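Engineer: Here is the input, now give the coordinates:
(3 chains)
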Amino acid sequence: MSEVTFREAVRMALRESMHADERVFLMGEDVGRYGGSYACSMGLLEEFGEARIRDTPLSESGFVGAGIGAALVGMKPIVEVMTVNFSLLALDQIINNAATLRHMSGGQVNVPVVIRMSTGAGKQLAAQHSHSWEAFYTHVPGLKVLSPATVVDARGMLLAALDDPDPVVIFEHSGLYNMKGEMPEPPPAVDLTHARVAREGTDVTLITHGGCLRRTTEAAAALAERGISAEVLDLRVLRPLDWNTVFESVAKTHRAVIVDEGWKSWGFSAEVSARIAEDAFWMLDAPVRRVAGVEVPIPYPTHLEQASIPQTAQVIAAALEVVGHG
Amino acid sequence: MTEAIQTTVLDLLVELAPEFEAGDIDLDEDLRDQLDIDSMDIHQLATRLYETFGVDVPESDRAELTTVRRCVAYIASNR
Amino acid sequence: MGDFVMPSLGADMERGILNEWLVKPGDAVAKGDIIAVVETDKGAIEVEVWSAGVIEELCVDEGTDTPVGTVLARIRETENPASEPSAAATATPSPPPEPVATTPAPPAPAPSAPAEARGRVMASPWARHLAAERGVALTGVTGSGPLGAVLGRDVPAAAAKTAHPKPDKVDQLAAMRRAVAKAMARSKREIPHYYLGTDVDVTGALAWLARRNASVPPPERLLPAVIWLKAVAAAIRKVPQVNGFWQDDALRLSEPIHLGFAVSLRGGGLVAPALHDVDQRTPVELMRAMTDLVTRARRGRLRGAEMTDATLTVTSMGERGVERVDGVIYPPQVAIVGLGKVVERPWVVDGEVAVRKVMHVSLAGDHRAHDGHTGGLFLNALADALSAPEAL
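Structural biologist: I've put the predicted structure just below:
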């Protein structure tokens, strides 16, 4: 067991996979000489050379498309898009090509590309760099969408994604890169099918993923001090989502609060809420509540930025309300 | 083992005669006298025993199901 | 516009308590839907509606004691009213309720409990699920949620409270006793009974049943009662005069054969709900229906039609070791068949004495509706049917 940062965990996976399989290569803006915008690939250019750690121009549609093409001819590309905000330039490649080609070719070709991108606010990077658009990608059939929240998943999910025959999008929350966590020795493999019960509880289910897990867990601890036993679900895989684990937990607690940094309207939290209402209605003892992003472009000043994304106190308040202590 | 069977038999009886609680049922008193059950109840009991334990109580043996203890013994020796 | 009125769920019912609404204004209902639970002297009865439409208004709050005939709900009919029976009409002729002074429904009580303020109990889905599972009526459950809403945690406490309604039970037993008293007294007062009886050799029928039962798994086995009921239905097909009602000084025969089946309730009391269309059903179907009916009768969950539309009643005392029973007719029916205990008797078969299984069958008939000759034909037909069980 050793303590590593989320960033180091991602780097572990990059190195392990490149050593294990020569078809794996990394490309993206500033991944080589600069070591990656979030320093995930620091030192890899020296270790693996320019052919496998490739700096690209500022052209998301171009290099994501190139990654899809490489995947089509048998490579295992890891494409790093600096943030989800810039990935909109590559949406056409991701949705119209990567997600559809297996379907449109009648199964003749598949696209084993892995696209990593940072997401979320909290680093004072303002509206062009701070949004959470998991909902855009989870809407699309043909994509697998991952949201690691722990160092074990940061490493393990990237490796598992490379083994997946179809396109996988990984959201790495920018607030997590410096987070430290325990990495067991040897580092464990992880699955891409199950949500994880991060904390067991009986009174209310707090459903979250990625960057919101930490505050949600803090909220659960604070609720425990007030005698409320909150269960925390780390969804991990946002598409296809492990609904059974969600419904089982709601069947136990009869209450659900969804915590997601994305905007509330038409958002990721809306789908989770709707599914619970559709399939776990008779288990509910209170309306489903959502703690989600405020509907503004993420502001630059830190106090406004924090006010626009879910805070621990809001999660506590929502949980208290649904258990009737509000 | 027989304890588990006994618990299940008592549960089935309480289902048939909801006026009673498992704790009130005497293990050795005749069920017909005690719970005021009739052939319809015995039929349902036999059906449920079959569904629960896979033990078929043929009609010729239904007379054996007179007390809880005898039911349990019958199941234990026939399953 | 159709009115859904407090039905008469038995010849002598005068009042009933509207226990629970299963619909709310705006709900669409079809003919035959169960829309309310009514508490009567005979227990809680699920009541069907006999017109199709949309519930316009619920006129009576849950828990209200109302006379028979009181308008409980208004229904906006969606089908051509001319082609539909009137709202109050039932599928088979049933006795008209005795005229009662129709008092207007009491004014709606002031919204005391907030949980019921909207004319409907406020309860969470989980609370409703638990309540349905445990048979707890949400009306009257104290809710601990916002605005007094009933939550899941409130239901177990309420279930514990209703599980042992000892004083209520005494009241209910007394009420049921009064209901039986009224019906039986009216029967003996008004109906000139005649009695016939004969012993029937049922050895063959029971042997056939034993062979059949030995060849199928327990859930498909039949009780002798199924054979007896099928035989009664077969006899009615040959002698239909015993199947119907005496109403307005005339015998009204019934085409359907709905056999009232006397079920004794543990702890006292008696109901005779109807097994519908006994002649149309296979023995296995009938066995299933009978099991269901007995279970529901003992749990107090019978439906309105089952309480009122029996066309002939069968009472069996064999279970209690009694060899012969002469029944009292349940008005307005015109006959009751009594079955005794099956006993082994010396019996002459082809000039030799043999030990045979014999059951005494009796008929009490309404002499206004038919005569002993008809009754005799019926009993002979019943004996014939019992001697050829495979035909049933």
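
Engineer: Okay, domains of chain C per the record?
Structural biologist: Split into domains by automatic domain parsing, chain C comes to C:2-109, C:114-163, C:191-391.

Engineer: of these, which approaches A:Asp164 most closely?
Structural biologist: When those are ranked by proximity to A:Asp164, the top entry is domain C:114-163, at 37.5 Å, counting by Cβ to Cβ. Where you see a C-beta, it was placed from the backbone N, CA and C, and this is true even at glycine.

Engineer: how about that closest one against chain B, any contact?
Structural biologist: No. Domain C:114-163 stays out of contact with chain B when judged by Cβ under 8 Å from any Cβ of the partner chain, the minimum separation being 9.0 Å.

Engineer: Repeat that for stretch C:350-358.
Structural biologist: No. Figure legend: stretch C:350-358 not in contact with chain B (Cβ under 8 Å from any Cβ); closest approach 14.1 Å.

Engineer: in the chain, which spans are helices?
Structural biologist: In the absence of a named chain, this looks at chain A. Under the criterion DSSP state H, helices of chain A are mapped to A:6-20, A:44-48, A:60-72, A:84-87, A:91, A:101-104, A:134-138, A:151-163, A:213-225, A:243-253, A:268-279, A:302-307, A:312-323.

Engineer: I was after chain B.
Structural biologist: All helices of chain B, identified by DSSP H, fall at B:2-16, B:31-35, B:39-53, B:68-78.

Engineer: Tell me where chain C is predicted with low confidence.
Structural biologist: Within chain C, the segments meeting pLDDT under 70 span C:1, C:11-12, C:42, C:78-120, C:161-173, C:267-268, C:305.

Engineer: Please identify the residues of it in proximity to chain B?
Structural biologist: Applying Cβ under 8 Å from any Cβ, we find that chain C lies next to chain B at C:210, C:213-214, C:217-219, C:221, C:223, C:225, C:264, C:266-267, C:290-291, C:294-295, C:298-299, C:319.

Engineer: Please pick the buried ones from those.
Structural biologist: C:213, C:218-219, C:221, C:223, C:225, C:264, C:266, C:290-291, C:294-295, C:298 (16 or more other Cβ atoms under 10 Å in any protein chain shown).

Engineer: Spatially, which two of those residues are the most separated?
Structural biologist: Across those, the two lying at the largest distance from each other (Cβ to Cβ) are C:Asn213 and C:Arg266, at 26.1 Å.

Engineer: Which residues are in contact with C:Pro240?
Structural biologist: C:Leu253 (Cβ atoms under 8 Å, 6 or more residues apart in numbering or on different chains).

Engineer: on that earlier part again, and which of the buried ones among the residues of chain C next to chain B is nearest chain A?
Structural biologist: C:Thr295 (24.3 Å; Cβ to the nearest Cβ).

Engineer: Against which helices or strands is the least confident helix or strand in chain B by mean pLDDT packed?
Structural biologist: When each helix and strand of chain B is scored by mean pLDDT, DSSP states H and E, helix B:31-35 comes last, with a mean of 79. Contact analysis of helix B:31-35 by 3 or more Cβ pairs under 8 Å, 6 or more residues apart in numbering or on different chains; DSSP states H and E lists helix B:2-16 as its packing neighbours.

Engineer: Show me what the helix it packs on is packed up against.
Structural biologist: helix B:31-35, helix B:39-53, helix B:68-78.

Engineer: Mind putting the buried ones among the residues of chain C next to chain B into TSV with secondary structure?
Structural biologist: Shown next, in TSV, are those (DSSP: H, G, I helix; E, B strand; the rest coil):
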residue	secondary structure
C:Asn213	helix
C:Pro218	helix
C:Pro219	helix
C:Arg221	coil
C:Leu223	coil
C:Ala225	helix
C:Ser264	strand
C:Arg266	coil
C:Met290	helix
C:Thr291	helix
C:Val294	helix
C:Thr295	helix
C:Arg298	helix
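
Engineer: What's the separation between B:Ile37 and C:Glu77?
Structural biologist: For B:Ile37, the distance to C:Glu77 (Cβ to Cβ, to the nearest Å) stands at 46 Å.

Engineer: quick one on the thing from earlier: quick one: the buried ones among the residues of chain C next to chain B as CSV, columns for distance to chain A too.
Structural biologist: Formatted as CSV, those follow (distance: Cβ to the nearest Cβ, whole Å):
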residue, distance to chain A
C:Asn213, 40
C:Pro218, 33
C:Pro219, 29
C:Arg221, 36
C:Leu223, 37
C:Ala225, 38
C:Ser264, 37
C:Arg266, 32
C:Met290, 32
C:Thr291, 28
C:Val294, 30
C:Thr295, 24
C:Arg298, 28
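
Engineer: This completes my enquiry, with thanks.
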